Each structure stands twice: as C-alpha cells, then as structure tokens.
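Undergrad: sequence isn't available, so here's the structure alone:
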C-alpha cells in the first residue's frame with residue numbers, strides 16, 4: 001500500500017465480514033465542502049461499496065457529514081461519488097465482480113502525501129459464520145501466545 005500521510009477513516013467491519021483478496025488505490029471526486037469535512041474526520045464507511053455504472057466506478061453508501069461552516073450549497077451526505085481509476089483497471093474489476101461474485105468494499109479513506117483524498121478498495125469475498133468464528137479464535141489464540149511470550 002502506498003505511503004499515507006493522514007488516515008481519515010477505516011472500515012474495520014469489512015475485515016471481519018469479508019476475505020480481502022486484493023486491494024487497489026483510487027482517487028475520489030469530491031466537492032470543496034466534502035474535502036473540508038474529510039479534514040475534520042466526518043467520514044463513515046459503514047455499509048458502503050463500489051460498483052461499475054456506465055463504465056465509471058461509483059462509491060455508494062459512504063456518509064460524509066455536512067461541513068459545519070458550510071452554507072446552503074453544502075453537499076448531500078450520502079450521494080454517489082465517482083472513483084478515479086484507469087479504464088483498464090475498471091474493466092478488470094467489473095469482470096471480477098460479475099464473473100466471480102466478488103464485492104468491491106472501501107477499506108480506508110486517507111490523504112496522500114500530495115494532499116489528495118484517496119480510497120483503498122478491497123476486492124472481497126464474503127465470509128460465512130464459520131469463517132468469522134475461526135478468524136476470531138485464531139486472533140484470540142495469537143493474543144494468548146503473545147501474552148505468554150511476554151512473561
């Protein structure tokens with residue numbers, strides 16, 4: 001993953017609900033008040049996903065809080081936002097989502113070193129209940145082993 005300067009939001013639930021097969025960096029098209037709200041940390045990635053609509057990658061369900069100092073031209077919090085990637089990459093993602101039944105989930109929002117807002121997208125497959133339990137058990141076992149090692 002590329003160098004991050006400031007993390008805005010993380011989708012911790014995605015790592016629990018999905019098995020992440022691959023990750024991609026994408027730019028995002030935002031209005032001025034949305035960027036200011038991102039700087040203030042008003043982003044929630046819960047229940048959001050990305051999909052290809054008319055050859056463009058769209059981010060759906062992401063909540064960016066209205067900017068407090070904004071005026072009547074403030075942005076709509078849950079609007080669809082366009083993600084910026086190369087056409088070939090979008091085509092490859094579209095094929096993966098359609099053929100293999102995978103999902104594009106935003107894993108994190110961050111500012112890169114040049115001050116641009118970027119989205120880390122994960123190409124994911126949903127976990128079933130058993131897989132989630134195994135992951136929790138493995139994490140607990142690892143924590144116990146680390147605790148014993150420290151003593």
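TA: Nice, thanks for sending it over. Please read these numbers as outputs of a predicted model, since none were measured by experiment.
Undergrad: C-alpha only now, for contacts and for neighbours.
TA: Noted.
Undergrad: find the residue at the geometric middle of this protein.
TA: The residue lying closest to the centre of the chain (CA atoms, centre = their mean) is residue 106, at 1.7 Å.
Undergrad: run a quick neighbour tally on the closest residue to residue 31 other than its chain neighbours.
TA: Using CA to CA, 6 or more residues apart in numbering and skipping the chain neighbours, the partner closest in space to residue 31 is residue 75 (7.4 Å). Using other CA atoms under 10 Å, residue 75 has 19 other residues around it.
Undergrad: would you mind measuring from residue 75 to residue 135?
TA: As judged by CA to CA, to the nearest Å, residue 75 and residue 135 stand 39 Å apart.
Undergrad: repeat that for residue 89.
TA: Separation of residue 89 from residue 135 (CA to CA): 30 Å.
Undergrad: equivalent analysis for residue 43, please.
TA: Taking CA to CA, one finds residue 43 at 27 Å from residue 135.
Undergrad: for the helix or strand hosting residue 36, name the packing helices and strands.
TA: Using DSSP states H and E, residue 36 maps to helix 32-39. Packed against helix 32-39, as judged by 3 or more CA pairs under 8 Å, 6 or more residues apart in numbering; DSSP states H and E, are the following elements: strand 63-64.
Undergrad: partner strands of the strand it packs on and their direction?
TA: Paired neighbours of strand 63-64 in the sheet (DSSP bridges): strand 43-44 (antiparallel).
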